[in-house]
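Novice: Kindly return the folded structure for what I paste below:
(2 chains)
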2 protein chains.
Amino acid sequence: MGSGANMVTASIITIGDELLIGQVIDTNSAWMAQELNKAGVWVQHRAAVGDVWDDIWQALDEESKRSNIILITGGLGPTADDITKPLLCEYFGGKMVMDQSTLEHVTYLFEHVFKRPMPLLDRNKKQAEVPDVCTVLKNERGTAPGMLFEKDGKVFISLPGVPHEMKGLMTDEVLPLLKQRFAMPHIGHRTLLTAGVGESFLAEMIKDFEEVLPASIKLAYLPNYGMVRLRLTASGDSETIVENELSNQFRELKQLVKEYLVVDEDIPINALVGRLLKQDNKTVSTAESCTGGYIAHLLTAFAGSSAYFKGSVVSYDNSIKKNVLHVKEETLQTVGAVSEETVKEMAKGVLNIMQTDYAVAVSGIMGPDGGSEDKPVGTVWVAVANKENTETKKFNFRFDRQRNIELTAINALNLLRLFIIQNSTT
Amino acid sequence: MGSGANMVTASIITIGDELLIGQVIDTNSAWMAQELNKAGVWVQHRAAVGDVWDDIWQALDEESKRSNIILITGGLGPTADDITKPLLCEYFGGKMVMDQSTLEHVTYLFEHVFKRPMPLLDRNKKQAEVPDVCTVLKNERGTAPGMLFEKDGKVFISLPGVPHEMKGLMTDEVLPLLKQRFAMPHIGHRTLLTAGVGESFLAEMIKDFEEVLPASIKLAYLPNYGMVRLRLTASGDSETIVENELSNQFRELKQLVKEYLVVDEDIPINALVGRLLKQDNKTVSTAESCTGGYIAHLLTAFAGSSAYFKGSVVSYDNSIKKNVLHVKEETLQTVGAVSEETVKEMAKGVLNIMQTDYAVAVSGIMGPDGGSEDKPVGTVWVAVANKENTETKKFNFRFDRQRNIELTAINALNLLRLFIIQNSTT
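Specialist: Residues are numbered from 1 along each chain as shown, chains lettered A, B, ... in the order given. Next comes the predicted model:
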């Protein structure tokens, strides 16, 4: 990327000590980058700085040299550790004034939405003060308004750091404004997901394709959870040309990796499983030991999941496996909770209890404790079942607890996906 | 912060287009910042750049002007979109050579750990090539080694972007090396968590305290999930002086906010609930509708959770509420699934089935669909129960689906926490 005379570029500056001591993970930047990218803006740099006057000032200087658009999040809360607003005021040579429409909005929020019994504090009123050199962007969801500044042909936009407030402002105000003001090139992406093949071998498989790929198209490997996504990216002034070229190359790429292809979209596996179930008008339930409900959580992440997800039994304790899922005492005694036979019985158990078309069951050792020579940390059994069939698979993960839980869930969902496809009647 | 002659500073550079189009969320930087901070290194800047030669080069220039230590993650995979290694080689004026010990390690991993049936590719062997001007840091968990460079008194360390590989290298190699090489100041933090009070009112409550706080101590407000954390930070050469001063100020701060104080540590609420249960030797189960297993997931996030967590019934569908949890048909018919009576019966149901000391049950409307005038999106009922008592609370969240799920889970755990404390016999 980075080529093209009309490329509109952006930098994202995130402000807050909490980012620099690692107390919070920055999810805002990823979301903003996605939306900007969709709109045709190429985010070329992201920076995070602390609540330090000189550092913020320097970041504004540096990023305005780099990009057309500088987006700033954070540092706008009502408390004293926030210095962003006075700094922006000085940086753009303005003075602070009360913005009447923001004051009315803040007053309304406190009285009618937050329903605070306490009166509006000076501190809250101060949220309605803005530099007189900015355009105020209304924040429907909170008290800190967005602010737009211009300097030397560059556009600076300051947004609150609270994710849902930032998202609302981006969608309602910022993106429409940017589209109006800049002639955006078209940026296109095609992403596919593979499973069961490592990054190196995938690269070897598509080596010839990659070598003759036009310079205008970029190929990226994105390994995650033992699966690898491949992404093609191109940009240009003509949407038709960009999309046609991408479609042609993508068709070829899919053909080359078809043996390992999971899906030719950038869709998470939980959404994919949900879609398959919905298409077939089927339902699923889960019986989870080591994942502690995480598979159910993934299956209910999207609106409309009640159409295919009925419920789960999280059987962390063996007594729940026995008493609720009806795993045989003998099975637990002889082969143990982490075994093929146990997950089979768990799957059959939850299928009966919840009366679903499919069930998935997992049992394993997530660590860091609980491993043995026989069954080391990372040993996982997964079963998928319907009334007629059951399939099982053993995994050996080698990571930390959190990652083992995630890998188990993702791989169990992939096994379920394959099982649904095999058993699909449509 | 930023003061102190001996302050050792760091920048973190994250490399990868996937960060700039928002396809992945950067969790590495937060973890690295935490660990560096604990070791006495002040992270003053974070930057993310794409897989673009000039941008990476410029980031190295900029960050080395700013900080003593420059940590670089990403861009070291085996595939062709990675340009970081040749760039580092040129930047530090070296030439690429095969590192024998890394080659042996890569060969070992492929043969004995990954157990790949296919022979080692040139691409894999290439992972063992390094610039001859670096110190190789062994990556026990993967094929891409860490590399340490020095230039003009600054230390540059390049690490793979795969989280568990990066973490392993940081812990085993990087942090010990940095501690040896730099005389670190001591950085201390004290964090407390409050619930039930907004950021502004909290600020008003501790205004006088904040005004007379010594300049060497910084106070930060960290609002999250409707709770606010307060953090005091100080640094200095003498650990004793820093810690004493922090302890004194922290004692005062706790006193001022005691009405809303949840805990005087930086510990997530799920870990806190787990600790309370363990102390009392009690167990818990959950009955979840709208959270789809997320509360169970949070309760099983830590090793040793099997001591207090027995299991859950995720009753997404009303048939599961009736048939598994024994919620009365009449209740569902008359007051509906999202009601005080339903969550009470769900809590009692799971308490009986799982034979636990405590139970928590939730039912609500997470959105974006499913709301009504009577019960708009964000309406949630929570019940906590033991054999003798049941308590319920209604919440009205106003956010998107994901945030509503998280807020429900966090607030349900807080209600459980208070209930455990009230009912604790110890």
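
Novice: Other residues contacting the helix or strand that contains A:Ala287?
Specialist: Element membership for A:Ala287, per DSSP states H and E: strand A:284-288. Residues from elsewhere that reach strand A:284-288, judged by C-beta atoms under 8 Å, 6 or more residues apart in numbering or on different chains: A:273, A:277, A:294-296, A:299, A:308-315, A:325, A:343, A:346-347, A:349-351, A:353-354, A:356-362, A:416, B:293, B:314. No exception for glycine: its C-beta is placed from N, CA and C like everyone else's.

Novice: OK, contacts around A:Lys85?
Specialist: Counting by C-beta under 8 Å, 6+ apart, A:Lys85 has contacts A:75-76, A:96, A:129-131, A:147, A:158.

Novice: just the buried members of those?
Specialist: A:75-76, A:129-131, A:147, A:158 (16 or more other C-beta atoms under 10 Å in any protein chain shown).

Novice: Any chance of those residues in a markdown table with distance to A:Leu60, pLDDT and secondary structure as columns?
Specialist: Converted to a markdown table, these look like this (distance: C-beta to C-beta, whole Å; pLDDT from 0 to 100; DSSP: H, G, I helix; E, B strand; the rest coil):
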| residue | distance to A:Leu60 | pLDDT | secondary structure |
| --- | --- | --- | --- |
| A:Gly75 | 12 | 80 | coil |
| A:Leu76 | 15 | 78 | coil |
| A:Glu129 | 20 | 93 | strand |
| A:Val130 | 17 | 94 | strand |
| A:Pro131 | 13 | 96 | strand |
| A:Met147 | 13 | 97 | strand |
| A:Ser158 | 10 | 97 | strand |
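
Novice: so can I have CSV of those residues showing distance to chain B?
Specialist: What follows is the buried ones among the contacts of A:Lys85, written out as CSV (distance: C-beta to the nearest C-beta, whole Å):
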residue, distance to chain B
A:Gly75, 11
A:Leu76, 12
A:Glu129, 14
A:Val130, 18
A:Pro131, 21
A:Met147, 20
A:Ser158, 18
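
Novice: Dump these to JSON lines, plus distance to B:Leu88.
Specialist: Shown next, in JSON lines, are these (distance: C-beta to C-beta, whole Å):
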{"residue": "A:Gly75", "distance to B:Leu88": "33"}
{"residue": "A:Leu76", "distance to B:Leu88": "38"}
{"residue": "A:Glu129", "distance to B:Leu88": "47"}
{"residue": "A:Val130", "distance to B:Leu88": "44"}
{"residue": "A:Pro131", "distance to B:Leu88": "42"}
{"residue": "A:Met147", "distance to B:Leu88": "39"}
{"residue": "A:Ser158", "distance to B:Leu88": "35"}
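
Novice: Between these, which sits nearest B:Thr233?
Specialist: Nearest to B:Thr233 among these: A:Gly75, at 16.6 Å, using C-beta to C-beta.

Novice: Can you get me a residue count around the closest residue to that closest one other than its chain neighbours?
Specialist: Leaving aside its sequence neighbours, A:Gly75 sits nearest to A:Thr84 (C-beta to C-beta, 6 or more residues apart in numbering or on different chains; 3.1 Å). Residues lying near A:Thr84 (other C-beta atoms under 10 Å in any protein chain shown) number 25.

Novice: Kindly report the same for A:Ser319.
Specialist: Look at A:Ser319: counted by other C-beta under 10 Å, it has 14 neighbours.

Novice: so what strands line up beside the strand holding A:Ala287?
Specialist: The strands beside strand A:284-288 in its sheet (DSSP bridges) come out as strand A:309-315 (parallel), strand A:358-364 (parallel).

Novice: for those strands, which one sits closest to B:Val335?
Specialist: B:Val335 lies closest to strand A:309-315 among the strands paired with strand A:284-288, at 20.5 Å (C-beta to C-beta).

Novice: What's the mean pLDDT across the closest one?
Specialist: Mean pLDDT, computed over strand A:309-315, is 98.

Novice: Quick check: buried residues in it?
Specialist: Quick answer for strand A:309-315 (16+ other C-beta under 10 Å): A:309-315.

Novice: Also stretch A:367-378?
Specialist: For stretch A:367-378, the neighbour count (16+ other C-beta under 10 Å) marks A:367, A:370, A:375, A:377-378 as buried.

Novice: Show me the two of the residues you listed that sit farthest apart.
Specialist: A:Gly367 and A:Lys375 (11.4 Å).

Novice: Relative to the whole chain's centre, how far out is stretch A:128-142?
Specialist: 29 Å (C-alpha atoms, centre = their mean, to the nearest Å).

Novice: Quote the end-to-end distance of that stretch.
Specialist: End-to-end span of stretch A:128-142 (C-alpha to C-alpha, to the nearest Å): 11 Å.

Novice: right, and the secondary structure at A:Gln44 would be what?
Specialist: Under DSSP: H, G, I helix; E, B strand; the rest coil, A:Gln44 falls in the strand class.

Novice: for it, what are its contacts?
Specialist: Counted by C-beta under 8 Å, 6+ apart, A:Gln44 has contacts A:2, A:9-11, A:66-67, B:20, B:49-50, B:52, B:55.

Novice: Could you do A:Ile217 as well?
Specialist: A:232-234, A:245-246, A:249.

Novice: and the residue located most distally from the centre of chain A, what helix or strand is that in?
Specialist: Centroid-distance maximum for chain A: A:Glu330 at 42.7 Å, with C-alpha atoms, centre = their mean. Here A:Glu330 sits within helix A:329-334, counting by DSSP H and E.

Novice: helices or strands next to that helix in the packing?
Specialist: Other helices and strands packing on helix A:329-334, by 3 or more C-beta pairs under 8 Å, 6 or more residues apart in numbering or on different chains; DSSP states H and E, are helix A:318-323, helix A:340-354.

Novice: quick one: secondary structure of A:Thr143?
Specialist: Under three-state DSSP, A:Thr143 comes out as coil.

Novice: From B:Leu230, how far out is it?
Specialist: 20 Å (C-beta to C-beta, to the nearest Å).

Novice: Let me know whether A:Ser64 touches A:Phe149 as I believe.
Specialist: No: counting by C-beta atoms under 8 Å, A:Ser64 stays clear of A:Phe149, with 10.3 Å between them.

Novice: so what sits against both of the two?
Specialist: Shared contacts of A:Ser64 and A:Phe149 (C-beta under 8 Å, 6+ apart): A:Phe156.

Novice: which residues in the stretch 151-300 of chain A form strands?
Specialist: According to DSSP state E, counting those that start in this stretch, the stretch 151-300 of chain A carries its strands in the segments A:154-159, A:186-195, A:217-224, A:227-236, A:261-263, A:284-288.

Novice: I appreciate the help and will end here.
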